[in-house]
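Trainee: Have a look at this fold, sequence not included:
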């Protein structure tokens, strides 16, 4: 069975860190999701972000402040860059990426729609180099054909092989209601090209989209029962989660929150706020806490080991594998563990 993404990240995590800083659990990868801009060059009909939130970008001074805040984190974290569309922000390479490489010791990952010109993507890979952990690209069939996307993805992977040979490269694609059958062609084309495929169930502000009776079995066949528990927008209510301590999100203005649910959910938003990195008011929690939210819309905290079981280890079924290898059949012990995991089948 291929190693999980978390295992691969942990294998590359240096030991130690700031002398006086507490160490994270050995089976957890500290991670930050930084929305480097709100702008996006796409306008997908199924985007969970409303148009009024798909705007805004930071100044060079603001980026310097955020990078300065990240430089003070203990040890080595994975900084995942997203948007909007990060490559639509002119400051991505000269301010964000270069700042992280020159002023911190952290690793870098990126989520992009892969629409940027090939030379810009090549420059990103070259600057990030061995510090690049995960290059995740989203296929949006409303904006590009499968053939064109696969051709560009293959060129991108070839660039990664030269600049960051240990980086994980994966393609994700939203399973859009009414167009579910298209995903079988996507999966076949990606597998034929030797590219990893991560089908994303369509999310709403309250959980997952209620697919029709005709399409629900197709979605189940694409996603599977065991390999992508976190993808199904589970409820981890009451489970201990290290978000706020070893995971947090930053918006393009520098405001930090425990997690995406904490940012979105009205009255609980203030309690989930961690301050502003650029203004010097940011402070992590000393440790995690039980999850108070009805559902978890993002796979990153679970995939990095934040959600913990009663035994103190990552909750069974949460550490999925969106890497480039083919998914094998789940062993019986894995299926049994997932069946026992609380609430991983719905929105809670």
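Mentor: That came through, no problem. This structure is a prediction, so every number in the text was calculated from the model and none was measured. Numbering: from 1, shown residues only.
Trainee: Where do the helices of the stretch 151-300 of the chain begin and end?
Mentor: 182-192, 216-223, 260-264, 269-272, 300-303 (DSSP state H, counting those that start in this stretch).
Trainee: Turn the ones you listed into JSON lines, including mean pLDDT and mean neighbour count.
Mentor: Every C-beta, even on glycine, is put in place using the N, C-alpha and C of the backbone. Output for the helices of the stretch 151-300 of the chain, formatted as JSON lines (pLDDT from 0 to 100; neighbours: other CB atoms under 10 Å):
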{"stretch": "helix 182-192", "mean pLDDT": "96", "mean neighbour count": "16"}
{"stretch": "helix 216-223", "mean pLDDT": "88", "mean neighbour count": "15"}
{"stretch": "helix 260-264", "mean pLDDT": "87", "mean neighbour count": "19"}
{"stretch": "helix 269-272", "mean pLDDT": "81", "mean neighbour count": "14"}
{"stretch": "helix 300-303", "mean pLDDT": "88", "mean neighbour count": "26"}
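Trainee: pretty sure residue 112 contacts residue 88?
Mentor: No: assessed by CB atoms under 8 Å, residue 112 is found out of contact with residue 88, at 9.3 Å.
Trainee: what residues are up against residue 32?
Mentor: 70, 73, 77-80, 247-250 (CB atoms under 8 Å, 6 or more residues apart in numbering).
Trainee: Residue 91 too?
Mentor: 36, 57-58, 60, 63.
Trainee: So which of the residues you listed sit within helices?
Mentor: 60, 63 (DSSP state H).
Trainee: Out of the contacts of residue 91, flag the one nearest to residue 94.
Mentor: Of all the contacts of residue 91, residue 60 has the smallest distance to residue 94: 8.3 Å, by CB to CB.
Trainee: ok, that closest one touching residue 92?
Mentor: No: contact criterion CB under 8 Å: residue 60 and residue 92 do not qualify, at 11.9 Å.
Trainee: Quick one: the strands in the stretch 1-150 of the chain, in order.
Mentor: 31-35, 78-82, 107-112, 132-138 (DSSP state E, counting those that start in this stretch).
Trainee: Make TSV from those and add distance to residue 211 and mean pLDDT to it.
Mentor: Shown next, in TSV, are the strands of the stretch 1-150 of the chain (distance: least, CB to CB, whole Å; pLDDT from 0 to 100):
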stretch	distance to residue 211	mean pLDDT
strand 31-35	27	97
strand 78-82	25	97
strand 107-112	24	97
strand 132-138	20	96
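Trainee: can you redo the ones you listed as JSON lines with distance to residue 118?
Mentor: Formatted as JSON lines, the strands of the stretch 1-150 of the chain follow (distance: least, CB to CB, whole Å):
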{"stretch": "strand 31-35", "distance to residue 118": "24"}
{"stretch": "strand 78-82", "distance to residue 118": "18"}
{"stretch": "strand 107-112", "distance to residue 118": "13"}
{"stretch": "strand 132-138", "distance to residue 118": "13"}
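Trainee: beta partners of the closest residue to residue 238 other than its chain neighbours?
Mentor: Distances taken as CB to CB, 6 or more residues apart in numbering place residue 290 nearest to residue 238, at 5.3 Å, with adjacent residues excluded. Under DSSP bridges, the beta-bridge partners of residue 290 are residue 240.
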